[in-house]
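J.: what would the 3D arrangement of this be:
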Amino acid sequence: LKVHVSAPHARHLRGAAAKAVLHMVNEALTNARRHTTATAVTVLLDVNGTDVVLRVRNDHEQSDKLPADFVPRSLTERAAEFGGDVTVHHEPNLTEIVITLPLLGVVR
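T.: Predicted coordinates:
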C-alpha cells in the first residue's frame, strides 16, 4: 500500500492530541489494507483554530457502481471519545473518510 501524507500543521499537535491522531491514522490505513483493493492512500491532516481534520483517501478503479456505504465503527467510536465525528464520501475513483475532532476535545 503506497501512502502519501500531507500534514503541514501537524507540528501544532503534541501529547494526547498527537497520540489520538496517530492511532486513527494507523486504524484507517489498516482498514484500507484489509477491506479495500486500494493500492494507494493519501492522508491529509489539517489543524485550524477549532478542529483537527483528518482526511484519508483511498483510490479504487473507476466504475459506474460506487462502493457500498459503510461506517468505520472503530474510527467512529474513537472520534466520539473526543467529541468528534466521521463521515464517508464516495466518488467514482476514490473513497474519503473525514474525521473531525474538536481541538479542545483532543487537547486535554
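J.: quick check: longest helix of the chain.
T.: helix 15-35 (DSSP state H).
J.: export only the CA atoms of that helix, formatted as CSV.
T.: Extracted C-alpha coordinates of helix 15-35, given in CSV (Å, rounded to 0.1, in the frame of the first residue of the first chain):
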residue,chain,number,x,y,z
GLY,A,15,0.9,14.8,23.6
ALA,A,16,-2.6,13.3,23.7
ALA,A,17,-3.7,15.1,20.5
ALA,A,18,-0.8,13.7,18.5
LYS,A,19,-1.4,10.2,20.0
ALA,A,20,-5.1,10.2,19.2
VAL,A,21,-4.5,11.3,15.6
LEU,A,22,-1.7,8.7,15.1
HIS,A,23,-3.9,6.0,16.4
MET,A,24,-6.7,7.0,14.0
VAL,A,25,-4.3,7.1,11.0
ASN,A,26,-3.0,3.7,11.9
GLU,A,27,-6.5,2.3,12.1
ALA,A,28,-7.6,4.0,8.8
LEU,A,29,-4.6,2.5,7.0
THR,A,30,-5.2,-0.9,8.5
ASN,A,31,-8.8,-0.7,7.3
ALA,A,32,-7.8,0.3,3.8
ARG,A,33,-5.4,-2.6,3.6
ARG,A,34,-7.8,-5.2,5.0
HIS,A,35,-11.1,-4.1,3.5
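J.: what about residue 79, neighbour count?
T.: Per other CB atoms under 10 Å, the neighbour tally for residue 79 reads 21. Using the backbone N, CA and C atoms, a C-beta is placed for each residue, glycine as well.
J.: nope, residue 7 is what I meant
T.: Using other CB under 10 Å: residue 7 sits among 16 other residues.
J.: and the helices in this structure?
T.: 15-35, 73-81, 103-106.
J.: how near is residue 100 to residue 46?
T.: According to CB to CB, to the nearest Å, residue 100 stands 10 Å off from residue 46.
J.: which of the two has more neighbours?
T.: Counted by other CB under 10 Å, residue 100 and residue 46 do not tie: residue 100 has more neighbours, with 19 against 15.
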